[in-house]
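[1] This is a predicted model, with the sequence first.
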Amino acid sequence: MPADMPPFANRFRTTHPEIWQAFSDLAGVCHESGPLDEKSRRLVKVALCVGAAVEGGAHSAARNARTAGVTQEELDHVAILAITTLGFPAAMRALAWLTDASGKRP
């Protein structure tokens, strides 16, 4: 189990391995199927999670983005960009989630 995988996700992975594998395969194909570079794809995934208000996804997307070289400042910018589209409270929620995922909460 990856260190950052929540226990409930790991339980699903072990109790439904065929579904988990199919989902993982689909995710990989989607990730590699277009012209965006790795860093851009990771930033888009963060933004999608922020827009959909998916906290666990935002944490995961932020961790994956950091692995791809995205800085905390770039993640913060994604949250700031959300202010005019999603509203200030949603952007602050996103900023908190993306900071949580860094493990360096002020």
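    All right, it came through fine.
[2] center of the chain, which residue is that?
    Central residue of the chain (CA atoms, centre = their mean): residue 61, 1.6 Å from the mean position.
[3] quick one: it from residue 84, how far?
    Shown here: residue 61 relative to residue 84, a distance of 21 Å by CB to CB, to the nearest Å. From N, CA and C alone the C-beta is placed, and that goes for glycine too.
[4] Centroid-wise, who is the farthest residue in the protein?
    Distance from the centre of the chain peaks at residue 15, with 23.6 Å (CA atoms, centre = their mean).
[5] can you pull the pLDDT of it?
    Looking at residue 15, its pLDDT reads 96.
[6] So residue 95 versus residue 8, what's the distance?
    25 Å.
[7] neighbour-wise, which of those two wins?
    The neighbour comparison of residue 95 against residue 8 (other CB atoms under 10 Å) goes to residue 95, with 18 against 9.
[8] Show me what the one helix or strand that one maps to is packed against.
    For residue 95, the host element (DSSP states H and E) is helix 88-100. Under the contact criterion of 3 or more CB pairs under 8 Å, 6 or more residues apart in numbering; DSSP states H and E, helix 88-100 touches helix 38-52, helix 55-67, helix 72-81.
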